[in-house]
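Trainee: 3D, please:
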Amino acid sequence: MTLRRVGHKGADHIAPGNTFASFRAALAHGVDVIEFDVISADRDGGGELLLAHDWEDVAERAAHTLDEGLEHFAAVAPGAGYAGIDFIVDLKAQGYEERVAQALARHGLVERCLVSTMEEPSLALLRGRHPEIRLGWSVPRLQRDPLMNPAVAVPAFALLQYMRAALPSVTANRIRRGEIDALMVHWRLATPRLARTVREAGGELYAWTVDDRRRIAGLERMGVTGVISNDPRLFEPATS
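Mentor: Below you'll find the model as predicted:
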């Protein structure tokens, strides 16, 4: 199985993430998939949909709208270059799932997109109303690696071990019940058993966010479907 190379926010270590410059950089370095974030300008989910990771991101810069981003990806003009690229659409909060689904359909991108989120209600809503959309369950619910914080490292390690043991069967059951199509995990949760179990259940396993060439190689040997990286250059062979 060939590893799917996924650019996080495009290529966040090359150009600011969730921008056209970042998407083009990811494309230039040979990714198979571009991941981008969608958030509502308003915390209740009713505001304009923007390509941004969080509300602080929205406050700091003028973000592209979701429609602008999808139009950019769907362009068929010579040199546009996205014809062979798939997309992971990461929903950062609840309340705007339906509008994202409608936007993907409007731009003809449903078949090329996997919608991922940590929000369980969003997964249930989209599966019920839009079974044609592929869904990815993202775990765990965190922004930073807890093992890097000495104050919480011990309990975090215990939780890590528990999740490593539980995730294979939980995920396989969810895939077989049709609740999800893929699992998106922090790289510390990826194990050969998880990769094998997800594959045997007919699903996909993506590891995030990996910015180390040797770790990418290890995950590929493990059998994950894809690796999500801020720096797509790391997918290229190392030069001496």
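Trainee: pLDDT weak spots in the chain?
Mentor: In the predicted model, the chain carries pLDDT under 70 at residues 76-80, 142-154, 156-157, 239-240.
Trainee: just the helices in the chain please.
Mentor: For the chain, the helices defined by DSSP state H occupy 20-28, 55-60, 66-74, 97-106, 120-129, 153-176, 192-200, 213-222.
Trainee: what would the ones you listed look like in a markdown table with distance to R112 and mean neighbour count?
Mentor: Quick note: C-beta positions are derived from backbone N, CA and C, even for glycine. Shown next, in a markdown table, are the helices of the chain (distance: least, CB to CB, whole Å; neighbours: other CB atoms under 10 Å):
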| stretch | distance to R112 | mean neighbour count |
| --- | --- | --- |
| helix 20-28 | 14 | 20 |
| helix 55-60 | 25 | 14 |
| helix 66-74 | 8 | 19 |
| helix 97-106 | 9 | 18 |
| helix 120-129 | 16 | 15 |
| helix 153-176 | 20 | 15 |
| helix 192-200 | 21 | 18 |
| helix 213-222 | 23 | 16 |
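Trainee: Output those as JSON lines; include the columns distance to V89.
Mentor: JSON lines is the format used below for the helices of the chain (distance: least, CB to CB, whole Å):
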{"stretch": "helix 20-28", "distance to V89": "13"}
{"stretch": "helix 55-60", "distance to V89": "16"}
{"stretch": "helix 66-74", "distance to V89": "9"}
{"stretch": "helix 97-106", "distance to V89": "7"}
{"stretch": "helix 120-129", "distance to V89": "11"}
{"stretch": "helix 153-176", "distance to V89": "19"}
{"stretch": "helix 192-200", "distance to V89": "20"}
{"stretch": "helix 213-222", "distance to V89": "22"}
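Trainee: between those helices, which gets nearest to L3?
Mentor: L3 lies closest, by CB to CB, to one member of those: helix 213-222, at 4.5 Å.
Trainee: now the angle between helix 192-200 and the closest one, please.
Mentor: Angle of helix 213-222 versus helix 192-200, following axes from the mean of the first three to the mean of the last three CA atoms, to 10 degrees, is 50 degrees.
Trainee: Show me what helix 213-222 is packed up against.
Mentor: strand 226-229 (3 or more CB pairs under 8 Å, 6 or more residues apart in numbering; DSSP states H and E).
Trainee: sorry, back to before: which of the helices of the chain sits closest to E48?
Mentor: helix 66-74 (8.2 Å).
Trainee: before we move on, back to that, and the helices of the chain: which comes nearest D37?
Mentor: When these are compared by CB to CB, helix 55-60 sits nearest D37, at 8.2 Å.
Trainee: Not counting that closest one itself, show me its contacts.
Mentor: Applying CB atoms under 8 Å, 6 or more residues apart in numbering, the contact partners of helix 55-60 are 18, 39, 41, 43, 50, 52, 63.
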